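Trainee: Any chance you could fold what I've pasted below:
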Amino acid sequence: MTVLVGQAIWFPDPESAGPEEPVAIGGDLSVPRLLAAYRSGIFPWTVDPVSWWSPDPRAIFELEGFHVPRSLARTLKQRPYEVTYDRAFPQVMQGCATPAPGRRRTWIAPKFIAAYTELHAAGHAHSVECWRGAELVGGVYGVQIGGLFAGESMFHRADGASKVALFHLVQRLRERGFLLFDIQQVTPTTKLLGAVEIPRRQYLRRLRAAVAQACVF
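Mentor: Residues are numbered from 1 along each chain as shown. Next up is the predicted model:
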């Protein structure tokens with residue numbers, strides 16, 4: 001594990017870290033450093049101090065392998081929510097950070113919200129929202145560099161709203177030629193939707209091709 005000091009923006013080789021240990025500790029959450037991290041296959045997980053991770057294996061959605069369970073198919077057919085893009089990025093992050101049944105705490109501290117909102121303003125972070133009338137009832141957000149979309153978190157306040165947002169996100173990534181949809185780690189929900197794990201070395205190889213691809217979210 002490397003301790004980052006000074007203002008220089010750099011990261012060690014992710015392969016230098018064990019499967020379940022941070023690549024580095026320290027630094028800040030500035031836009032340039034966040035972009036350098038994601039380009040290197042690394043993401044921050046804590047803020048005091050900032051810790052940088054690149055787990056092995058790495059979880060992704062294969063964009064052509066996204067699974068739509070029957071319950072989600074029924075919800076999509078009913079169209080109970082209006083779906084938008086980048087209309088309420090900070091509010092989606094706040095929704096993801098809010099405790100909910102089965103999730104008393106989250107890793108999304110206020111410093112993360114401030115940093116990723118700046119990343120959004122710079123055009124490198126995006127959200128998908130689900131609305132019921134004027135109420136935001138679900139959403140997902142993540143980071144985009146070239147043909148990489150790194151999904152960070154999602155939330156729902158109405159049945160199926162986060163899955164609907166995720167479905168529409170996958171559809172948009174497919175339509176716009178994205179190559180890699182990173183989700184860091186598999187959860188019970190993402191496993192149900194078709195998430196898979198690949199070795200870190202394979203992820204880093206695919207990442208290099210993805211960030212070199214010109215894609216518009």
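Trainee: Which strands and helices lie in contact with the biggest helix by length in the chain?
Mentor: Longest helix in the chain by number of residues (criterion: DSSP state H): helix 161-175. Where contact means 3 or more CB pairs under 8 Å, 6 or more residues apart in numbering; DSSP states H and E, helix 161-175 is packed against helix 70-78, strand 82-85, strand 125-132, strand 135-145, strand 148-156. The C-beta positions use only the backbone N, C-alpha and C, and glycine is treated the same way.
Trainee: Minimum distance to T187: which of those has it?
Mentor: With CB to CB as the criterion, T187 lies closest to strand 148-156 of the helices and strands packed on helix 161-175, at 9.8 Å.
Trainee: Could you chop the chain up by domain?
Mentor: Domain ranges of the chain: 2-55, 59-211, per automatic domain parsing.
Trainee: and R208, what element?
Mentor: R208 is part of helix 200-211 when elements are defined by DSSP states H and E.
Trainee: That helix versus strand 135-145: what angle between them?
Mentor: Inter-element angle recorded for helix 200-211 and strand 135-145: 90 degrees (by axes from the mean of the first three to the mean of the last three CA atoms, to 10 degrees).
Trainee: ok, and what's touching stretch 193-207?
Mentor: Residues from elsewhere that reach stretch 193-207 (CB atoms under 8 Å, 6 or more residues apart in numbering): 14-15, 19, 39, 41, 54-62, 65-69, 72, 148, 163, 166, 179-180, 182-183, 186-187.
Trainee: so where's the protein shaky on pLDDT?
Mentor: 1, 5-6, 100-106 (pLDDT under 70).
Trainee: I'd like to know how far the residue most central in space within it sits from G142.
Mentor: Centroid check for the chain by CA atoms, centre = their mean gives G151 as the closest residue, at 1.7 Å. According to CB to CB, to the nearest Å, G151 stands 4 Å off from G142.
Trainee: Give the residues shared as contacts by these two.
Mentor: In contact with both G151 and G142: L169, using CB under 8 Å, 6+ apart.
Trainee: Fine, thanks again, bye for now.
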